[in-house]
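> Sequence first, then the predicted structure, then my questions.
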Amino acid sequence: MSSYIIRRILLGLLTLLLITFFVYGLLRLMPGDPLLVRLEMMDPGKHMLPEDITRMREMYGLNDPWYISYFKWLGKLLHGDLGESFTQHAAVAHVIRERIGATLLLTLSSLIISYLLAIPLGLYATARNGRWDERTISVLLYMLYSLPSFVAALALQVLFAVQLHGTAFELPLFGMTGDHFNQMSFGGKFLDLFKHAVLPVACFTYGTLAYYSRFILANMQEVIRQDYIRTARAKGVGYWRILFHHAFRNTMIPLVTLIGLELPALLSGSIILEQIFGWPGMGKLFFESIRMRDYPTLMGLILMFSVLTLVGQLLADICYAFVDPRVSYE
Amino acid sequence: MSIGPNITPPLADAPAADPQQLETSRGFWAETWLRFRRRKLAMVALAYVLFMACVALFSPAIAGTKPIICKYKGHIYFPALGYFHRSWENPIFVTDHFRNVYPAKLKESDPESWALWPLVYQDPQRRVRADEWPDHPANPTRDKGHPNSLNLFGTTRAGVDVFAEMVHGTRTAMLVGFVSMGIAGAIGITLGAFAGYLGGWADMLLSRLIEFVMCIPPLVLILALIAVLPHPTIWHLMAVLGLTSWTGIARLMRGEFIRLREADFVTAARAVGVGWFGIMFRHIFRNGLAPVLVPITFGIASAILIESALSFLGFGAPPPNPSWGALLEAGRDNLQMWWLIAFPGLAIFFTVLAYNLIGEGLQEATDPRLRQPGN
Amino acid sequence: MPPVLEVTDLRTYFHTDEGVIRAVDDLTFRLEPGRTLGIVGESGSGKSVTSLSIMRLLSSNAKVETGRIAFLGKDLVKLPEREMQSIRGRDISMIFQEPMTSLNPVFTVGAQIMEAIILHQKVSKAEARQKAIDLMREVGIPKPEQRVDSYPHQMSGGQKQRVMIAMALSCNPQVLIADEPTTALDVTIQAQILEILRKLRDNRGMAIIFITHDLGVIAEIADDVLVMYRGEEVEYAPVLEIFSNPKHPYTKGLLACRPRLESKYRRLPTVDDFMQTVKEGTGFRVIEKKMDAARLHHLETAGRGRLLHPKTELAAIGHPWEEGYHAPDAKTVAEGTQPLLAVKNLEVHFPVRRGILARTVDHIRAVDNISFNVYPGQTLGLVGESGCGKTTTGRAILRLIEPTGGQVLYRGTNVAALSGSELRAMRGKMQIVFQDPYGSLNPRMTIEAAITEPMVIQGVGANKNERRDRAASLLKEVGLTPNYLRRYPHEFSGGQRQRVCIARALAAGPEFIICDESVSSLDVSVQAQVLNLLKELQDKRGLTYIFISHALSVVKFMADMMAVMNNGKIVEFGPSESIYKNPQEAYTRKLINATPKDDLELIRKRVAERAAVTK
Amino acid sequence: ASSAEKPPADDKFKLGDLIEPFTPPLLAELDKTADWQDMPVVDPMEELRDQKKKEPPLVSVEEALRLHNDSPEDNKKIISALSMVPPADGKGANFDASIGRCQVMDLASTNPLLMSSFAEAEFGDLTALFIINFDWNLVPFADANAVVSWKASKDHLLDKIVLRDDLVWSDGKPITAHDVVFTFQAIMTSKIPIPAVRSGPDQIKWVEAYDDHTLVFFHKAAQATNTWDLNFPIIPKHIFEKSIPEDPTLTTSAFHTQQQLKPVVGGPYELIEWNRGSNLVMQRRENFYMHNGKQVRGKPFFKEVTFHLLEDGNTRLLALKSGRIQETELEAQQWQTQTSGRDFYDSNTKAYGNEWLYMYIGWNLKTPFFEDVRVRQAMACAMNYDEMINDLCYGLYPRCHGIFAPDAWMYPKHPLPLYEFNLDKAEKLLDEAGWIDTDGDGIRDKEVNGKRIPFEFNLTVSLKPDRIDICNLLRENLDSIGVICHVVPMEAAVFQERVQNKKYEAEMAGWGTGTDPSLTSNIFGTGEDRNFGSYSNPKVDALYKAGLLEFDPQKRAEIYGEIANLIYADQPYMFLYNQNRFFGFSHSLRGYRFSPRGPYAYVPGVMSLWMP
Ligand SMILES: Nc1ncnc2c1ncn2[C@@H]1O[C@H](COP(=O)(O)OP(=O)(O)OP(=O)(O)O)[C@@H](O)[C@H]1O
Ligand SMILES: Nc1ncnc2c1ncn2[C@@H]1O[C@H](COP(=O)(O)OP(=O)(O)OP(=O)(O)O)[C@@H](O)[C@H]1O
Ligand SMILES: [Mg+2]
Ligand SMILES: [Mg+2]
């Protein structure tokens, strides 16, 4: 196993190299020019002088062929330097670091909550499959799935931030922290973050429930009719324990795969919800960077996503051997 | 029963056993279909999808401002076909200055003419203006286009009828979902199956490929493609969607194959001499279907939404192209106009529901343990 | 004494696409505490369905149509699921027929036993673990401290079966339903298990329903016997009664055709020699029949005598050819014949892994340096204690497991060196019938597909219809009806599945077959039919078999040469008759002696003992 | 972090390397020859107060707050009442108030030299120090808060400015003429990536500080726009002197990162908190208006100003309605549909300003389709202007009359008549231009360079639904006269690249107004930077040259008016509409007024907002 992991990590580094190389090529292939999209280009009064454009092009290394730029980027990376953002006027590492906390707060809690809800929902659906209550719940979930998040977000904002304004249930309309956050006590900070996170997390979560619970249901149905479930029943094991312990354990391979697939989403955030809730997350950053063709920032983000993706897959693969003893990597 | 001293050797010289009462047996998939047919909800869902397909196919006959068929200056024309492709609408109507308004012009230019009109006189691409059709005022614009008897689902900001747009948008909605998920499913299942079953180096390579594709941000890829493709069309969009969204399916399939390749019945199949292809796709695949059905069914539905997001990036069909997603997008900017969200939202909901019911039905139908009559 | 369990007019039907299957039709019996009811009957006659009906664990398409199952006066048929659940395990527990698929693959066997213990007894985890280890030791699993942490797939068939037994016993139930609990066990272990059951019955007053095909076992343990045939009860009487004075022709036939170690038959009689069934409306009628002399003569003389190794080789293995010692029609393979299969120093080791990084800390030497030859047309019997490596040997020969060392030569070619397509072609010639028939059938393939598939691959049969007809006739050969073709594996009884697997192995027309416990779940009559078929084929087409079994009588009937395995090694190898007559190893002797006996004397003795105990 | 990279030897950092060497004469010499003329030194708040005195409110504040803004008259009333400012002593103003404002875009940097976006400009207005500024009529002046006197030489080549001596940076160090010189040198350094601020200052030949307060600007040429070149923000020399050579990007070194978060500023407010992607808090600077314990400048009205980053229009409106912010820009449809009810007017009001911002569809004159002026005119006839204005623009925008707005001083005295929607005329013009459907496929075509090409072109547009709708309207009309127009919405960057590299056939976009009409020369002048459609008219070129050298306002207006007419006749653009901007204000807010460049892009601008 350990040799497998080491081999995977080495291969992962190679993959990473390939991915970044390829993506860098793609980035440079994208139409659009980081200098031409700058706002200054559209300013009716002050505009960028052609000489300045040439000069900055040189400075940003845009005159080099893309593969040369890539290797320059790589060289810097090996020194632990992600370069400087074209648009944010800061080091890429700094820009990303500023967003990580906010993004994780949103995505991680949403991921946890959605699994915490979806697993019982899926199990419940398995237990009651085909009955009216299960049908109702799943239709509701599908309804939520098709409800656009911007509609839900607005409705929740109107309800909690406007209608309930002044009551105990009031929730902040936007932002991650309240005014003067830095002056708050630890508990106050926690409460403040919590209140700000409720609505975005809710919007982030509800849509995924249908998918996860349906996924769990599908896999459970496969397992629930196996003979060993009958054995467990013969032992007198309670129904829920059978579902949760005996059957659910056998659906772990797809579930672990799914979680592995979701891992990179932890850092990708959501553009729409971040915009609506004024949440300083990674989704906006990524989108903005694409919009502005901010290659260094994009590369920093993609490197991070890629690492996370690879780690997610590796973890999933390792977990296979844990959740199913028949799988081995020797 | 012929159990007795004269045991008939089973092979070589085996006589064709009494073929009288042996029904021809159906294959696994035929039987799946048989069981599927018994699931009422799934069949209703399938009927819904087929209905939508019909709507898509006959959209110009349902809503449009061009006659389905007309006789004009002694010839028969099918101007409504112009909704599928502009060149299918006869140029004579341009030459004769119809300016895309048929009812009055037909009579004016040729009093002899007659025409068969679509069910609803509304256009998916433009606003219907006053006096085009008897007693038909101009479509309301701005936020005034509440659903009414003439505009069943209301109108957009520009006065385009939402009902017509949705009817014609069905085409894209259906096509994008099926084609893109078809591609994704085919690639994902095949590669996942190979990676999981073969293991070893093949798995190492294919898994790296999966990771590689996973790490490419679709947005970047799409924008880069715009540079390469001079005129990206809806087909390109479907291809890109398909080519980027297979990774999850592949991973899930791979997981199932890893789990099942050690199963005894697989060993048994190997012992019988079944080749890798047979083992993978006859033996393992049907047993590992459950986890991939879910992403595929959801994928078909969500492709509808992605399509609109992408055509907004200038990828895919150009703007007057009617699409559910585009309506939702328009509604997003103006939530007062609830009908822009409600109707496409409902359509998407029903589609999600239908695909999922079909998926559920399919999954249950493929499980012979659930074989029981009348259920 | 009031019965713990009373079944009246039980009817359990399956509703399928092909119509209603009356698996159990009008069954009535009662079970008193401290007594054992043995159920015997044709394979597929509804024994398992009866027990599942009692447990209320039938699949969703089955329904108890009428009848009453009274447990201590409560009708289980009508009991709410909640209460039923509390009865299961605690009051009634069950050993399932197929232990391979009945164990949860992702939990260690220890955990599965412990769960049952913790569920019904107030003990801590550590205590439960200790208890589980004790139970495993009790049922004869070697090194239980190590084995508690094994996963089901790491255990041999017999070991899994013992885990099932341990699990069922751990709950201390009032009623134990044991559905063929010893099919995969060698006779010594079987004796040990029977002893445990007896003790539990006698000391705790546990009532047992014991389903088996082995009349010897019935004789050893049962107080009453219920004989089933096609879902119906044909005879229900105390054990002595059944053995001494069977009434129903089926029972008579059954008793008549059980194989004996000392039997002289070349072919075995089947119940069809003693009775005939005639269709009558929806049911059937049985007409008794007498075996005629011609038939008897046929049975005693058909086919060839034993075919032994070449004389030089016999000498080399310590069984030199002695004229007169062997049966008169015994022959040896001509000198210089190339063996069909030569196994040389075969080794298969499984790593034992520990810890998070799953480092290999030890090896289980499942097959430890064994060598033997099998000549064309021969049958090699392979016997040995459960878990000694028989299955592993078989799989390693076919390269279904990569051997750790050694060589397997098939007609002189090294199997390990074959490429993918060559190997596939070779597999057309070499077949294996797996020990676990259920697991080895694809749950999503009809058995028609399963049986015709090898034909397609090996190019047998011109078209679909022809292949189907062939499959149909194969089914008939193994005693199944052709309209089963469209069923899926889960719709069969254990014995039926076993026969499906045999039919599959025969489908491609192989020349060499490994039969791994292939007749263990068959009633004696069907077993006889299948064994006859195998012999017939051997005569006709010179097939070669490796026959793995625990039933020594069966091995003796089938095998020319015999190998006795212990702990992964072959401890004794020679002509089967010589070994039976004169076992050299203590281990072999033990095996032979432990074979259950079913002569009336013994039964009388046991009944008398029982009477003394129950007084 | 990148300091490990060593630049090549000849690539050494040199401050002000873009400035031609020049030895300025002594001040006494200059004073002798220059013939100084006084230039306006104005306290912007005072000017605003004077202005308000000249235009008394049309209604009372209470009435204005009760009004629903449904007509231009109401709009005028509301603005006139609510644009009032407190008297010089600040009576009536609540100096403890804080204001929450929102921005649709985050700041990229807090360094005024790197300023580019609207948000950064507003931040600059609050925190940065400018010497020369301009008012809502786009008339430049020297800011009396910073300047004692401003004199210009008669030949327009010199400007002499004397700074006040009570100016200090937020860290307490005095602001001197040397800071200005340093800033100019920094701007004119090639290694420092200053994208936009350099245009303007690059027309200055030299800046000399004769003492701590006396500055002389030497211009390269005598042009009417010279004073605009002095409109740049000042940065502290003592902060950047050492750090710039180490990190010319101004942003990435640890020191500069710190400076970004806590910049040393010269303006009325200073930054105290900046959370990228979410908000930014500024605080009133004590030592801006107090000097040696004495109040020397007007006290800024707010204690604290917070910028919230709110990209979503609905959220912005909700934030305003629920009182979380006091002012926000509204989208047109919000103005139209979501701000007319009680829930809005109960605690808010709204107003709009006519801006000199026009939308157009630009033709690429280098394509065979649009080189002929008749085709462009035909296009102008094929647009359904009424529907565009009334339906697609909610009737909120006026039609565009060409490159200058009718209320601008440079709008022609005798404008050309506007094109009207007339498909018959359009068809006629197209026929004349040779675009006739010869092959009978319903699409007009023409032989160009021996090849018959159909009239089928792409109309590129950015991803804005309202713009796409308008393009679509044109498409529909063209379609009915046998011209195929594909509306191709494009992501902003692609759009920019295609357009700026002239790889397009037609595009829809808009131009805002600069401070001076001469700035449009780089859009319509032959071969100029932003002349993406390759329009060329020698007369226009000549007039632009003349306009730059003309100092008489009257004559300048005539010149630019003529340019406007020439361009309208040539139709390089199809002129669509002037886009107004809409704002919602809390009832508690006062002092807002609009300019042609929006409500705050002038002085006092944001500084005139206050709360009673
Ligand atoms: N799920 C099912 N669907 C349809 N028929 C079934 C199903 N399970 C069992 N049967 C049929 O019911 C009959 C009784 O099966 P059962 O398992 O009780 O046999 P059995 O007596 O235990 O046989 P064996 O000794 O071979 O295990 C058989 O003919 C079998 O084919
Ligand atoms: N995959 C495995 N991993 C570890 N140990 C294994 C594995 N498979 C089998 N074993 C062990 O190898 C030994 C031999 O197993 P095998 O199945 O060959 O026994 P067997 O002789 O067929 O027994 P039975 O008669 O009970 O079926 C057993 O002790 C078993 O526990
Ligand atoms: Mg059974
Ligand atoms: Mg075995």
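Thanks, I have the structure now. Ligands and ions are numbered 1, 2, ... in the order given.
> tell me the centre residue of chain C?
Here the mean C-alpha position of chain C is nearest to the C-alpha of residue C:520 (CA atoms, centre = their mean), at a distance of 2.3 Å.
> So which bits of chain C are right by ligand 2?
When proximity is defined as CB under 6 Å from any ligand atom, chain C approaches ligand 2 at C:153-159, C:184, C:350, C:364, C:366, C:386-392, C:435. Yep, even glycine has a C-beta here, placed from its N, CA and C like the rest.
> Helices - which of the residues you listed land there?
Under the assignment DSSP state H, the residues of chain C next to ligand 2 contribute C:157, C:158, C:159, C:390, C:391, C:392 to helices.
> Of the residues you listed - the most surrounded one?
Highest neighbour count within these, by other CB atoms under 10 Å in any protein chain shown: residue C:390, with 30 neighbours.
> burial count for residue 321?
No chain specified, so I'll use chain A. 18.
> that's the wrong chain, I wanted chain C
A total of 17 residues lie near residue C:321 under the criterion other CB under 10 Å.
> tally of neighbours for the nearest residue to it once chain neighbours are set aside?
Nearest non-adjacent residue to residue C:321, counting by CB to CB, 6 or more residues apart in numbering or on different chains: residue C:311, 4.5 Å away. Neighbour count of residue C:311, defined by other CB under 10 Å: 14.
> Could you pull out the helices in the stretch 51-200 of chain A for me?
Secondary structure of the stretch 51-200 of chain A (DSSP state H, counting those that start in this stretch): helices located at A:66-78, A:92-127, A:132-146, A:149-156, A:186-224.
> who wins for proximity to ligand 1 among the ones you listed?
Judged by CB to the nearest ligand atom, the one of these that comes nearest to ligand 1 is helix A:186-224, at 15.4 Å.
> Could you verify that residue C:11 is part of a strand?
Yes: Residue C:11 sits within a strand when classified using DSSP: H, G, I helix; E, B strand; the rest coil.
> hmm, back to that, now the residue nearest to the centre of chain C. Nearest residue, chain neighbours left out?
residue C:183 (4.1 Å).
> Confirm for me that that neighbour is in contact with residue C:522.
No: Residue C:183 is beyond contact range of residue C:522, at 9.5 Å (criterion: CB atoms under 8 Å).
> Helix or strand next in line after the lengthiest helix in chain B, which one?
Scanning chain B for the longest helix, with DSSP H as the assignment, gives helix B:162-198. Next in sequence after helix B:162-198, counting helices and strands by DSSP states H and E, comes helix B:200-215.
> For that following helix, buried residues please.
Neighbour-count burial for helix B:200-215 flags B:203, B:206, B:207, B:208, B:210, B:211, B:212, B:213, B:214, B:215 (criterion: 16 or more other CB atoms under 10 Å in any protein chain shown).
> Those residues into a markdown table, with extra columns for distance to chain A?
Below are these laid out as a markdown table (distance: CB to the nearest CB, whole Å):
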| residue | distance to chain A |
| --- | --- |
| B:203 | 9 |
| B:206 | 12 |
| B:207 | 7 |
| B:208 | 5 |
| B:210 | 8 |
| B:211 | 6 |
| B:212 | 6 |
| B:213 | 9 |
| B:214 | 5 |
| B:215 | 4 |
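> List just the nearest of those residues to residue A:113.
Set against residue A:113, the nearest of the buried residues of helix B:200-215 by CB to CB is residue B:214 (24.3 Å).
> so who does that closest one touch?
Residues near residue B:214 by CB atoms under 8 Å, 6 or more residues apart in numbering or on different chains: A:261, A:264, A:309, A:313, B:247.
> follow-up on the earlier one: quickly list what's touching both of residue C:183 and residue C:522.
By CB under 8 Å, 6+ apart, residue C:183 and residue C:522 have these common neighbours: residue C:213.
> Could you pull up the contacting residues of the residue nearest to the centre of chain C?
Counting by CB under 8 Å, 6+ apart, residue C:520 has contacts C:183, C:184, C:498, C:549, C:550, C:551.
> Kindly reformat the buried residues of helix B:200-215 as CSV containing pLDDT and distance to ligand 1.
Formatted as CSV, the buried residues of helix B:200-215 follow (pLDDT from 0 to 100; distance: CB to the nearest ligand atom, whole Å):
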residue, pLDDT, distance to ligand 1
B:203, 88, 37
B:206, 91, 38
B:207, 90, 39
B:208, 90, 44
B:210, 90, 39
B:211, 89, 43
B:212, 90, 46
B:213, 90, 43
B:214, 89, 42
B:215, 88, 47
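> Relative to ligand 2, how far out is whichever residue of chain A sits closest to ligand 4?
Across chain A, the shortest distance to ligand 4 (CB to the ion) belongs to residue A:326, at 17.4 Å. Look at residue A:326 and ligand 2: by CB to the nearest ligand atom, to the nearest Å, they are 9 Å apart.
> For the residue nearest to that residue when sequence neighbours are not counted, give me the backbone phi and psi.
Using CB to CB, 6+ apart and skipping the chain neighbours, the partner closest in space to residue A:326 is residue B:262 (4.7 Å). Taking degrees, to the nearest 10, you get phi -90, psi 0 for the backbone angles of residue B:262.
> is it true that residue B:262 touches residue C:105?
No: look at residue B:262 against residue C:105 with CB under 8 Å: they stay out of range, at 9.5 Å.
> Common neighbours of these two, please.
Joint contacts of residue B:262 and residue C:105 (CB under 8 Å, 6+ apart) are A:326, C:153.
> Name the residue in the two with the higher neighbour count.
Neighbour totals were compared for residue B:262 and residue C:105, and residue C:105 leads with 19 against 14 (other CB under 10 Å).
> wait, isn't that one in contact with residue A:325?
Yes: using CB under 8 Å as the test, residue C:105 is close enough to residue A:325 to be in contact (7.2 Å).
> For the residue in chain B positioned nearest to chain D, which non-adjacent residue is closest in space?
With CB to the nearest CB as the measure, residue B:91 is the residue of chain B nearest to chain D, at 2.9 Å. In this structure, residue B:91 finds its nearest non-sequential neighbour in residue D:442, 2.9 Å apart by CB to CB, 6+ apart.
> Count residues in the vicinity of the one you found, would you?
The number of residues near residue D:442, taken as other CB under 10 Å, comes to 20.
> Can you tell me the closest non-neighbouring residue to residue 109?
All of this refers to chain A. residue A:201 is the one closest to residue A:109 (CB to CB, 6+ apart), at 5.1 Å.
> not quite, I wanted chain D
residue A:89 (3.8 Å).
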